[in-house]
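[1] starting from these lines, generate the structure:
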Amino acid sequence: MLLMDTHADTLYRRSQHPKEECDVTAQKLAQGGVNVQTMALFVGGSPRLERIAQAFSGMWAEGERLKSEGLSHITDYRDAKEGCRAFIYSVEGCDLLDGSLHLLHEWRQRGVRMAALTWNYENCVGTPAKVNQSQGLTPFGREAAREMARLGIAPDTSHLSEKGFWDLLEMGVVPLASHSCCRALCAHCRNLSDEQLRALFSAGGYVGVNFYPYFLDDGGHASLDTICRHVLRLLSLGGEKHIGFGSDFDGIECKPQGLSGPQDFPALLNALRRRGVTEEQIEGMAGKNLMAYFDRIDPRG
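    Predicted coordinates for the structure are as follows:
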């Protein structure tokens, strides 16, 4: 079984806090049976473009170091193989585009396969959920989303406003939410409503369930069973072929009880089995659904 995770902030943590132990390491990925870890290039704590560019430079360098630590770099999830330990790039916040599309081409050449249009700052592309749910994509943001779709970079809505989410679907662009949960179970602005989830699944999109306790439970009290509740809700809304895992490891300061890092993925899968999730559904969540999503948005040959 192939196992993939669609979001971790390990590159940022390594570059900004090099003496800290990371949630995600090659050893922990091997212990948990994770084949592909998505590594986000995160815009960081300042909206200033020069600071973001500097942070990206440090994260690209950390990506190169990962190759010497037992991880291979792949540029397509569909190239994953059982027994491999690999990483793939994403971008968390398109602030650096700064009104121009040329950087998207560079990102794609370097292996970026998904890009969150915003983080928590309003930018040239659109408005984040944290700022205003009723403001959507800018005219340039629409242009950027179309170019991402053309290049095979998945537009990621995990931080985008609800209006921006609907803008993408109305354009015919099929996004994913790399690390989000169900708003019906936890009323955080970063989570998706049932209406959004049904529409996303119907359009052929994808959701990676986030492990941050405050996205899983209104009081921040989360366990493996809390994650299972979100998975079961997503299944009930039509997500069987459209969901997976987007841990947010190395970007969250607390974690659900029983899930401290990728080494604990087997415990989560076993918890899902105890809740009646079938092996076929688990294999889909683990990796097959993500590969099928990329078949839909970026078919090969």
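
[2] hey, let's count contacts and neighbours off CA atoms from now on
    Will do.

[3] which parts of the stretch 1-150 of the chain are strands?
    Using DSSP state E, counting those that start in this stretch, the strands of the stretch 1-150 of the chain run over residues 4-5, 36-42, 72-73, 86-92, 112-116.

[4] what do you get for the stretch 151-300 of the chain?
    With strands called from DSSP E, counting those that start in this stretch, the stretch 151-300 of the chain shows them at 154-156, 176-180, 206-209, 243-245.

[5] please report how far the closest residue to residue 279 other than its chain neighbours lies from residue 179.
    Distances taken as C-alpha to C-alpha, 6 or more residues apart in numbering put residue 273 closest to residue 279, at 7.6 Å, once the chain neighbours are dropped. To residue 179, residue 273 is 22 Å away according to C-alpha to C-alpha, to the nearest Å.

[6] check which residues of stretch 199-215 are buried.
    199-201, 204-215 (16 or more other C-alpha atoms under 10 Å).

[7] which one of those residues is nearest residue 91?
    Checking the buried residues of stretch 199-215 against residue 91 with C-alpha to C-alpha, the nearest one is residue 208 at 15.2 Å.

[8] give the contact list for the closest one.
    5, 6, 177, 178, 179, 180, 181, 243, 244, 245, 246, 247 (C-alpha atoms under 8 Å, 6 or more residues apart in numbering).

[9] same check, this time on residue 149
    For residue 149, the contact set (C-alpha under 8 Å, 6+ apart) comprises 155, 173, 297, 298.

[10] please check those and keep the buried ones.
    When neighbours are counted using 16+ other C-alpha under 10 Å, those contain these buried positions: 155, 173, 297.

[11] as JSON lines, the residues you listed with pLDDT would be great.
    As requested, these are exported to JSON lines (pLDDT from 0 to 100):
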{"residue": "155", "pLDDT": "98"}
{"residue": "173", "pLDDT": "97"}
{"residue": "297", "pLDDT": "96"}
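
[12] now those residues as a markdown table including distance to residue 97?
    Shown next, in a markdown table, are these (distance: C-alpha to C-alpha, whole Å):
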| residue | distance to residue 97 |
| --- | --- |
| 155 | 14 |
| 173 | 19 |
| 297 | 22 |
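
[13] which among those gets closest to residue 59?
    Ranked by distance to residue 59 (C-alpha to C-alpha), the buried ones among the contacts of residue 149 are led by residue 155 at 20.4 Å.

[14] okay, and the beta partners of that closest one?
    Taking DSSP bridges as the rule, residue 155 bridges to residue 115.

[15] surely it touches residue 104?
    No - applying C-alpha atoms under 8 Å as the test, residue 155 and residue 104 come out as separate, 11.5 Å apart.

[16] list the contacts of the residue nearest to the spatial centre of the chain.
    Nearest to the geometric centre of the chain sits residue 178, at 2.5 Å (C-alpha atoms, centre = their mean). Residue 178 sits next to 6, 7, 156, 157, 158, 206, 207, 208, 209, 245, 246 when contact means C-alpha under 8 Å, 6+ apart.

[17] now it, nearest residue through space, not along the chain?
    In space, and not counting its chain neighbours, residue 178 is closest to residue 208: 4.7 Å by C-alpha to C-alpha, 6+ apart.

[18] buried ones in stretch 116-135, by neighbour count?
    Residues of stretch 116-135 classed as buried by neighbour count (16+ other C-alpha under 10 Å): 116-130, 133, 135.

[19] report the buried residues of the top helix by length along the chain.
    When the chain is parsed with DSSP state H, its longest helix is helix 49-67. Under the neighbour-count criterion of 16+ other C-alpha under 10 Å, helix 49-67 has 52, 55, 56, 58, 59, 60, 62, 63, 66 buried.
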